[in-house]
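> have a look at this fold, sequence not included:
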């Protein structure tokens with residue numbers, strides 16, 4: 001029976017490493033190295049992984065189970081003001097927390113008993129020191145996701161308002177200088 005359990009875990013991990021959009025551009029050896037930096041966490045049905053507004057400390061790969069991402073309108077904390085999105089293995093969530101100082105845009109709750117692989121900021125810092133090529137490839141994937149999200153959001157905003165408003169927000173954000181981030 002232990003052999004079956006061993007192969008079951010190997011199957012789940014290999015499914016994750018072959019299907020994850022964040023590590024699919026890595027070689028099999030690089031994927032193996034990357035997974036070594038992840039931490040297995042188990043959550044029971046109904047348990048929260050994190051809450052909207054929490055500091056982003058890392059991302060999660062779903063090895064087993066289903067997760068619900070929930071965004072609550074800050075003006076309306078009732079159930080009617082909540083938008084949900086359900087995901088399952090081998091998907092992932094929370095990736096922007098790795099490369100950016102962002103608060104959580106959503107809450108994440110286990111819809112079933114779940115096994116997740118957490119990859120956190122300190123893990124990424126260690127990965128950068130030990131395997132800089134793997135870290136660079138991973139961040140390229142995160143940056144591509146971020147750019148796709150920006151493109152889709154700008155497009156939807158343009159549809160909901162107008163081109164001038166959508167791109168005004170886009171350009172003002174790009175060109176604004178926050179304290180401590182000005183270029184020399």
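Happy to help now that I have it. Nothing here was measured: the structure is a model prediction, and the numbers come from that model.

> for residue 72, name its beta-bridge partners.
Here residue 72 sits in beta bridges with residue 82, as judged by DSSP bridges.

> ignore what I typed, I meant residue 40.
residue 117.

> and the gap between it and residue 93?
Using CB to CB, to the nearest Å, we find residue 40 at a distance of 16 Å from residue 93. For glycine as for every other residue, the C-beta is placed from the backbone atoms N, C-alpha and C.

> how close does the residue nearest to residue 97 when sequence neighbours are not counted get to residue 95?
Nearest residue to residue 97, sequence neighbours excluded (CB to CB, 6 or more residues apart in numbering): residue 56, at 2.8 Å. Distance, residue 56 to residue 95, by CB to CB: 9 Å.

> what does residue 166 give?
Counting by CB to CB, the gap from residue 166 to residue 95 is 24 Å.

> compare the two (neighbour count), which wins?
Per other CB atoms under 10 Å, whichever of residue 166 and residue 95 has more neighbours is residue 95, with 22 against 18.

> isn't the more buried one right up against residue 142?
Yes: using CB atoms under 8 Å, residue 95 is in contact with residue 142, at 5.3 Å.

> which neighbours do those two have in common?
Residues touching both residue 95 and residue 142 by CB atoms under 8 Å, 6 or more residues apart in numbering: residue 22.

> report the distance from stretch 121-133 to the chain centre.
The chain centre lies 17 Å from the centre of stretch 121-133; the measure is CA atoms, centre = their mean, to the nearest Å.

> could I get the buried residue list for it?
121, 123, 124, 127, 131 (16 or more other CB atoms under 10 Å).

> want to throw those residues into CSV with pLDDT?
Below are those laid out as CSV (pLDDT from 0 to 100):
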residue, pLDDT
121, 95
123, 96
124, 96
127, 97
131, 97
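
> quick one: which of those is nearest to residue 29?
residue 131 (10.2 Å; CB to CB).

> in this protein, mark out all the strands, start to finish.
Applying DSSP state E to the chain gives strands spanning 39-43, 48-50, 58-64, 66-72, 82-88, 92-93, 107-110, 114-120.

> could you dump the ones you listed into CSV and include mean neighbour count, distance to residue 154 and mean pLDDT?
Output for the strands of the chain, formatted as CSV (neighbours: other CB atoms under 10 Å; distance: least, CB to CB, whole Å; pLDDT from 0 to 100):
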stretch, mean neighbour count, distance to residue 154, mean pLDDT
strand 39-43, 14, 34, 96
strand 48-50, 17, 27, 98
strand 58-64, 22, 24, 94
strand 66-72, 18, 18, 96
strand 82-88, 13, 19, 93
strand 92-93, 21, 22, 93
strand 107-110, 21, 25, 97
strand 114-120, 21, 28, 96
